[in-house]
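[1] The following block contains a protein sequence and its predicted model.
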Amino acid sequence: MSQSELPREVLALVHGPVGTIAHVEMLLALRTADPDTCSTEQVAAAAHVSSAAGARKILSELETAGLVASSGEDLWCYAPRVSALRNGVELLATAYNQRPVTLVRALYERPVRPLLSFADAFRLRRDD
């Protein structure tokens with residue numbers, strides 16, 4: 001199966017803000033909990049992310065993309081900014097459940113932005 005078998009909405013998410021399986025699993029964990037809020041630790045555990053700092057970074061990226069929202073005090077909720085995003089996440093959930101290999105392949109084959117990848121190699125990271 002190829003990427004072309006995934007809906008274009010899913011590819012837009014995978015080629016955009018939902019770039020790793022951790023992004024996918026954290027987003028879907030919040031979608032499942034909707035309308036409730038979840039702590040960073042709860043979302044991280046659902047997505048098998050071991051670092052709270054890493055989970056916060058992913059959640060922040062998803063928030064910037066308009067897919068989730070922070071309700072303060074390290075609590076998060078599923079909150080797609082527009083209906084097209086909500087529809088894309090629904091299709092992403094279907095792909096995750098019905099075509100997981102195709103989805104993972106699309107994540108690994110996503111276009112690389114070489115300049116940013118090169119720049120990221122020189123970023124200083126703090127140990128958390």
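    Sure thing, it's come through.
[2] where does this structure dip in pLDDT?
    For the chain, the stretches flagged by pLDDT under 70 are 1-4, 112-128.
[3] just the helices in it please.
    8-14, 21-33, 40-46, 52-64, 83-98, 100-108, 114-120 (DSSP state H).
[4] neighbours around L6, how many?
    22 (other Cβ atoms under 10 Å). All C-beta spots, glycine's among them, are computed from the backbone N, C-alpha and C.
[5] List the contacts of it.
    Applying Cβ atoms under 8 Å, 6 or more residues apart in numbering, we find L6 in contact with 14, 95, 99, 102-103, 106.
[6] let's see 6 Å
    95, 106 (Cβ atoms under 6 Å, 6 or more residues apart in numbering).
[7] Just put the helices of the chain in a markdown table and tack on mean neighbour count and distance to G72.
    As requested, the helices of the chain are exported to a markdown table (neighbours: other Cβ atoms under 10 Å; distance: least, Cβ to Cβ, whole Å):
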| stretch | mean neighbour count | distance to G72 |
| --- | --- | --- |
| helix 8-14 | 20 | 26 |
| helix 21-33 | 20 | 15 |
| helix 40-46 | 18 | 12 |
| helix 52-64 | 17 | 12 |
| helix 83-98 | 16 | 22 |
| helix 100-108 | 15 | 31 |
| helix 114-120 | 9 | 29 |
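[8] Reformat those as a markdown table; add distance to C77.
    Output for the helices of the chain, formatted as a markdown table (distance: least, Cβ to Cβ, whole Å):
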| stretch | distance to C77 |
| --- | --- |
| helix 8-14 | 18 |
| helix 21-33 | 6 |
| helix 40-46 | 10 |
| helix 52-64 | 10 |
| helix 83-98 | 13 |
| helix 100-108 | 24 |
| helix 114-120 | 29 |
